[in-house]
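Visitor: need a 3D model of the sequence below.
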Amino acid sequence: MEFIHDWTCICTHKLITKVDYPPSGLIDVSEILRYLHGDCYLDKKSAAEYLSWSVRKLEQYLPEIPHFKHNGKVYFRRSQLDEYMSRFEVPCEHEGLRLMTEEAMSKLHEQEDQ
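Guide: Down below sits the predicted model:
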């Protein structure tokens, strides 16, 4: 989430929301994380951006990646892209770092489930 100029708008990817005044109160970080990491459908361009790939590369790997077709368009579920990429995860060399990472991710998932 990015705040631009004296609170005139809040931008998240392609979503732009106008704000007439500075927001009051505190925003719960877990709400922001839940929104940013929420499972949603992405078109080819958005999925490629999410993976930091070109659309051409995404199309090359299309047979391997779970996707949906509707009215001639291809859509991807963010969680399925994450699952696909997790197949290529390289394990940490340091056990302590791996355990800390797993604990942090576990806490993050607990917050998302609440």
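Visitor: what stretches of the protein score poorly on pLDDT?
Guide: Under the criterion pLDDT under 70, the flagged ranges of the chain are 1-28, 31-38, 92-93, 95, 114.
Visitor: what ranges do the strands span in it?
Guide: 2-4, 9-12, 15-18, 41-43, 68-70, 73-77 (DSSP state E).
Visitor: for the protein, what spans make up the helices?
Guide: 29-36, 44-51, 55-60, 78-86, 95-113 (DSSP state H).
Visitor: neighbouring contacts of the third one?
Guide: Contacts of helix 55-60 with the rest of the structure, by Cβ atoms under 8 Å, 6 or more residues apart in numbering, involve Lys44, Lys45, Ala47, Ala48, Leu51, Ile65. For the C-beta atoms, the positions are set from N, CA and C on the backbone; glycine is no exception.
Visitor: neighbours around the last one, how many?
Guide: One way to gauge burial is a neighbour count; for Ile65, by other Cβ atoms under 10 Å, it gives 16.
Visitor: the fourth one too?
Guide: Under the neighbour criterion other Cβ under 10 Å, Ala48 is assigned a count of 18.
Visitor: circling back to that earlier point, out of the helices of the chain, which gets nearest to Lys69?
Guide: For Lys69, the closest of the helices of the chain is helix 44-51, at 11.1 Å, according to Cβ to Cβ.
Visitor: list the contacts of that closest one.
Guide: 13-14, 42, 54-55, 57-59, 73-74, 76, 78, 81, 85.
Visitor: buried set for it?
Guide: For helix 44-51, a neighbour-count test (16 or more other Cβ atoms under 10 Å) marks Lys44, Ser46, Ala47, Ala48, Glu49, Tyr50, Leu51 as buried.
Visitor: distance check, Lys73 against Gln80.
Guide: Counting by Cβ to Cβ, to the nearest Å, the gap between Lys73 and Gln80 amounts to 16 Å.
Visitor: between those two, which one's more packed in?
Guide: Gln80 (17 against 9).
Visitor: next, the closest residue to the more buried one other than its chain neighbours: phi, psi?
Guide: Counting by Cβ to Cβ, 6 or more residues apart in numbering, Gln80 lies nearest to Pro66, which is 4.4 Å off, once chain neighbours are set aside. With angles defined as degrees, to the nearest 10, Pro66 sits at phi -60, psi 140.
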